[in-house]
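Novice: Got a predicted structure plus its sequence, pasted below:
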Amino acid sequence: KPRRADTMPPRLLALCLALALASCALASSGTEIVVGLKLQRLDKLEAAFWEISNPRSPRYLSFMNLTTLADLIGPSPAAVNQAKAWLLTRGADPESICVSAMGDRVTATVPKRLEVAAATEYDELFDFVLHRNANKNSSSLISSSRKALRSASGRYSIKAQKQAYGIPEDLQASNPRTLQMVWGPGTFGYSKSQLSAFKEEQCPLLNIDKVVFDTENHGQAGGDNYGEGNLDVSMIASFGLNITTLVSNTNTSMSTEEGNGFGEAMLDFITALANRDTLPQVLSLSLGSLSAYSCDLLCDQAVKKGHE
């Protein structure tokens with residue numbers, strides 16, 4: 001028989017209230033659906049890329065802005081509208097629907113309990129459909145021990161590596177607009193205290209103030225990708241001295257480290273990156289979760305495109 005709240009013991013009442021609040025929070029959470037639309041005229045995009053990259057071309061270094069790219073390869077307005085309509089039929093909140101600047105990504109939030117069916121009827125328009133948690137809670141950051149840094153010495157030191165590549169040890173960027181980025185999912189991130197220790201022991205010219213997170217996910221110590229993140233950040237910041245370094249983690253699901261979620265996380269990140277107004281000149285991807293076969297496949301496909 002249910003008991004009235006005013007007759008319950010205080011501790012039992014507090015427990016019931018906590019459970020009720022937790023249930024409400026779970027009920028209000030949702031799944032964000034990302035619909036990737038197929039781009040058009042990719043052959044013209046590749047032709048433009050080589051013209052802009054060729055010093056002998058009149059278009060050399062005449063970079064296209066996001067608006068120009070959208071006009072060149074973006075999906076048609078009709079395709080965008082069909083994506084919106086499909087999301088609405090799956091129970092999407094109309095106010096949550098968002099179209100990327102290039103028009104190639106349409107996102108919306110649906111109730112978490114809703115099973116989203118495959119969009120087979122739109123195979124000719126949709127490039128992919130993926131799910132991600134709509135709640136973007138930041139991960140906790142725990143400082144790591146400095147002992148891990150002391151193994152990076154001798155012939156594997158930053159100084160020795162730069163000498164091997166013929167790079168002056170004090171070479172620094174002078175253009176403040178130069179930008180580099182490292183990305184990884186799961187527990188990917190870095191420790192500021194560990195980077196400070198690395199600067200002290202290996203690279204005094206490393207500018208820690210120019211290493212910043214561009215997402216609210218700052219990694220979690222102890223994870224495999226967290227170790228990779230610390231390595232990636234220390235290396236790119238050491239070789240690209242005085243360059244603003246963005247550290248990006250756009251998906252904290254453990255499936256990206258222990259399951260098959262890495263590919264979807266990378267696809268989501270890359271398509272979102274293309275819609276930014278400012279892109280990094282250098283992008284480092286943490287591919288530690290990819291199998292050797294996957295890495296070999298990527299290289300083979302690049303060679304087939306003529307990139308060696």
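Specialist: Structure received. These numbers were taken from a predicted model, which means no experiment stands behind them.
Novice: can you pull the buried residues of stretch 161-173?
Specialist: Using 16 or more other Cβ atoms under 10 Å as the test for burial, stretch 161-173 gives Lys162, Ala173. Where you see a C-beta, it was placed from the backbone N, CA and C, and this is true even at glycine.
Novice: whoops, I mixed them up, stretch 59-73
Specialist: For stretch 59-73, by 16+ other Cβ under 10 Å, it's Met64, Leu66, Leu69, Ala70, Leu72, Ile73.
Novice: Dump the residues you listed to CSV, plus secondary structure, distance to Leu231 and pLDDT.
Specialist: Converted to CSV, the buried residues of stretch 59-73 look like this (DSSP: H, G, I helix; E, B strand; the rest coil; distance: Cβ to Cβ, whole Å; pLDDT from 0 to 100):
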residue, secondary structure, distance to Leu231, pLDDT
Met64, coil, 34, 88
Leu66, helix, 32, 87
Leu69, helix, 33, 90
Ala70, helix, 36, 90
Leu72, helix, 37, 91
Ile73, helix, 35, 91
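Novice: Would you map the strands across the stretch 51-200 of the chain?
Specialist: 98-99, 105-111, 126-133, 179-183 (DSSP state E, counting those that start in this stretch).
Novice: Can you give the distance of the last one from its chain's centre?
Specialist: The gap between where strand 179-183 is centred and where its chain is centred comes out at 10 Å by Cα atoms, centre = their mean, to the nearest Å.
Novice: Check the average confidence over it, would you?
Specialist: Within the predicted structure, the mean pLDDT of strand 179-183 is 95.
Novice: Lowest mean pLDDT across the strands of the stretch 51-200 of the chain, which one is that?
Specialist: strand 126-133 (a mean of 77).
Novice: Next, the angle strand 105-111 makes with it.
Specialist: 40 degrees (axes from the mean of the first three to the mean of the last three Cα atoms, to 10 degrees).
Novice: Check what contacts strand 126-133 and list those residues.
Specialist: With Cβ atoms under 8 Å, 6 or more residues apart in numbering as the test, strand 126-133 has contacts from 29, 31-39, 83, 104, 116, 118-119, 251, 253, 264, 267-268.
Novice: Correct me if wrong: Ala265 contacts Ser248.
Specialist: No: taking Cβ atoms under 8 Å as the definition, Ala265 is not a contact partner of Ser248, at 11.2 Å.
Novice: could you redo the buried residues of stretch 59-73 as JSON lines and give each row distance to Leu171?
Specialist: Below are the buried residues of stretch 59-73 laid out as JSON lines (distance: Cβ to Cβ, whole Å):
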{"residue": "Met64", "distance to Leu171": "30"}
{"residue": "Leu66", "distance to Leu171": "32"}
{"residue": "Leu69", "distance to Leu171": "32"}
{"residue": "Ala70", "distance to Leu171": "37"}
{"residue": "Leu72", "distance to Leu171": "36"}
{"residue": "Ile73", "distance to Leu171": "36"}
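Novice: Can you point out the buried residues in stretch 192-204?
Specialist: Gln194, Leu195, Ala197, Phe198, Lys199, Gln202, Cys203.
Novice: if we can go back for a sec, of Ala265 and Ser248, who's got more company?
Specialist: Ala265 (25 against 20; other Cβ atoms under 10 Å).
Novice: can you pull the contacts of that one?
Specialist: With Cβ under 8 Å, 6+ apart, Ala265 has these contacts: Pro185, Thr250, Asn251, Ser253, Thr256.
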